[in-house]
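Q: this one's sequence-less:
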């Protein structure tokens with residue numbers, strides 16, 4: 001099938017949900033992807049932070065192939081080794097004294113956290129930050145900030161109080177004895193890659209403890225090592241009650257996880273569930289990801305190369321009139337421009353580098369952890385060449 005036929009096929013049958021980029025991807029290897037015409041790109045999108053080990057990583061491919069040849073599905077009432085190993089690994093990384101529910105996506109992980117918070121506390125209310133993004137299913141959408149996502153589908157879950165991000169005083173008045181949970185991102189991804197301050201995250205933990213509310217951290221984009229720690233909350237010296245993971249956990253295979261302190265894991269049998277959650281195929285892929293991160297020392301590499309990326313961006317962009325700010329942590333990097341990002345993103349793609357928007361004027365980079373320094377430098381130079 002040629003490129004135009006591929007375009008026509010999706011345009012004819014797919015619901016009109018995604019603004020298309022005019023590129024049909026055909027294959028990937030490492031930090032590179034190729035389109036249907038054979039053009040190669042440096043992939044700094046990784047499926048919105050999904051392919052953290054790069055494309056077609058041998059460990060993930062091997063795990064999926066072995067499991068596909070053995071057993072792909074195993075309903076939760078039956079035990080399975082790969083699922084158990086993954087749950088043990090995630091509980092250990094979270095802090096040991098934890099319970100895990102596996103699902104298929106980030107929004108599902110957030111739905112489980114919402115239900116668990118209400119189940120444990122007996123309360124109804126939630127507090128979330130302005131510019132937050134927590135997913136598009138009904139409960140998760142209720143916590144997402146942008147009205148354009150919420151308005152067509154209201155009424156949604158309530159009551160939800162929205163507060164300014166990085167404003168500790170606002171949290172003090174918003175979190176009450178009616179609050180089931182405060183839900184935050186340590187770095188707002190869709191909100192422009194805006195990191196929280198240490199003071200803010202620590203204050204959030206203290207306020208929740210004081211008011212008897214649960215502290216839920218959305219680690220869907222920041223987790224699995226994206227910031228240089230497996231959980232981004234490790235940078236802040238806090239322990240949440242619940243953390244939600246997805247995106248990079250399966251290295252490309254769909255999976256989500258809701259991890260809770262054992263004391264708050266209050267579900268009783270059949271109060272929640274997932275047909276495909278924790279299936280052997282996804283669990284095997286996720287176990288391969290966790291093993292590879294540890295075996296190859298990728299967390300240190302993320303920190304080192306992330307710092308290099310930001311330094312390189314600063315060096316090539318500091319004289320650009322259109323630059324407003326460079327920010328991020330680890331391999332979660334953003335450049336805020338003074339102009340819309342659409343044209344620079346298109347220009348970069350023409351030059352062989354794929355990146356993402358994060359708001360109207362932000363270019364976001366979510367490269368794989370295994371990306372080379374030369375590709376990092378090329379991505380920075382591509383952006384520099386795309387802006388005045």
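A: Cool, the structure landed. On a predicted model such as this, the values are computed, not experimentally measured, just so you know.
Q: drop to CA atoms for contacts and neighbour counts, all remaining ones
A: Will do.
Q: read off the pLDDT value for residue 233.
A: Residue 233 is assigned 98 on the pLDDT scale.
Q: doesn't it fall inside a strand?
A: No: using DSSP: H, G, I helix; E, B strand; the rest coil, the assignment for residue 233 is helix, not a strand.
Q: dump the residue contacts of it.
A: By Cα atoms under 8 Å, 6 or more residues apart in numbering, the residues touching residue 233 are 186, 217, 239, 240.
Q: ok but the third one is inside a helix, no?
A: Going back to what we said before, that points to residue 239. No: under three-state DSSP, residue 239 falls outside any helix and is assigned coil.
Q: and the two most separated of the contacts of residue 233?
A: 186 and 239 (12.3 Å; Cα to Cα).
Q: neighbour count for the two, which is higher?
A: A direct count of neighbours by other Cα atoms under 10 Å for residue 186 and residue 239 places residue 186 higher, at 26 against 17.
Q: could you find the closest non-adjacent residue to that one?
A: Sequence neighbours aside, residue 196 is the residue nearest to residue 186 in space, at 5.3 Å (criterion: Cα to Cα, 6 or more residues apart in numbering).
Q: doesn't residue 166 make contact with that neighbour?
A: Yes: using Cα atoms under 8 Å, residue 196 is in contact with residue 166, at 5.8 Å.
Q: out of these two, which sits in the busier spot?
A: residue 166 (21 against 17).
Q: how close does the more buried one get to residue 289?
A: Separation of residue 166 from residue 289 (Cα to Cα, to the nearest Å) stands at 32 Å.
Q: cool, and residue 196?
A: According to Cα to Cα, residue 196 stands 27 Å off from residue 289.
Q: domain assignment for this protein?
A: 3-57+297-386, 60-295 (automatic domain parsing).
Q: related to what we said a few turns ago, of all the contacts of residue 233, which comes closest to residue 114?
A: Using Cα to Cα, residue 217 is the member of the contacts of residue 233 that sits closest to residue 114, with 11.4 Å.
Q: over to the closest one: give its phi and psi.
A: Dihedral pair for residue 217: phi -110, psi 130, per degrees, to the nearest 10.
Q: dig out what it forms beta bridges with.
A: residue 184, residue 243 (DSSP bridges).
Q: wait, it touches residue 188, no?
A: No: judged on Cα under 8 Å, residue 217 makes no contact with residue 188 at a distance of 11.2 Å.
Q: buried residues in stretch 193-203?
A: Going by neighbour count (16 or more other Cα atoms under 10 Å), the buried part of stretch 193-203 is 193, 194, 195, 196, 197, 198, 200, 201, 202, 203.
Q: now do the spatially most central residue of the chain against residue 248, distance only.
A: Nearest to the mean C-alpha position of the chain, by Cα atoms, centre = their mean, lies residue 221 at 1.6 Å. Distance of residue 221 to residue 248, computed by Cα to Cα: 8 Å.
Q: mutual contacts of the two, please.
A: Taking Cα under 8 Å, 6+ apart as the contact rule, residue 221 and residue 248 both touch residue 49.
Q: who's more crowded, residue 217 and residue 188?
A: residue 217 (27 against 24).
Q: what residues are up against that one?
A: 183, 184, 185, 186, 233, 240, 242, 243, 244.
Q: pLDDT at it, what is it?
A: Looking at residue 217, the pLDDT reads 98.
Q: quick check: it vs residue 225, distance?
A: Using Cα to Cα, we find residue 217 at a distance of 15 Å from residue 225.
Q: next one: residue 198
A: According to Cα to Cα, residue 198 and residue 225 sit 18 Å apart.
Q: the helices in the stretch 1-150 of the chain, which residues?
A: 3-13, 46-49, 58-68, 81-94, 106-121, 138-143, 147-150 (DSSP state H, counting those that start in this stretch).
Q: now the stretch 251-388 of the chain
A: In the stretch 251-388 of the chain, the helices defined using DSSP H, counting those that start in this stretch lie at 280-295, 298-317, 342-350, 373-386.
Q: coming back round to it: out of the buried residues of stretch 193-203, which sit inside helices?
A: Mapping the buried residues of stretch 193-203 onto helices (DSSP state H) picks out 198, 200, 201, 202, 203.
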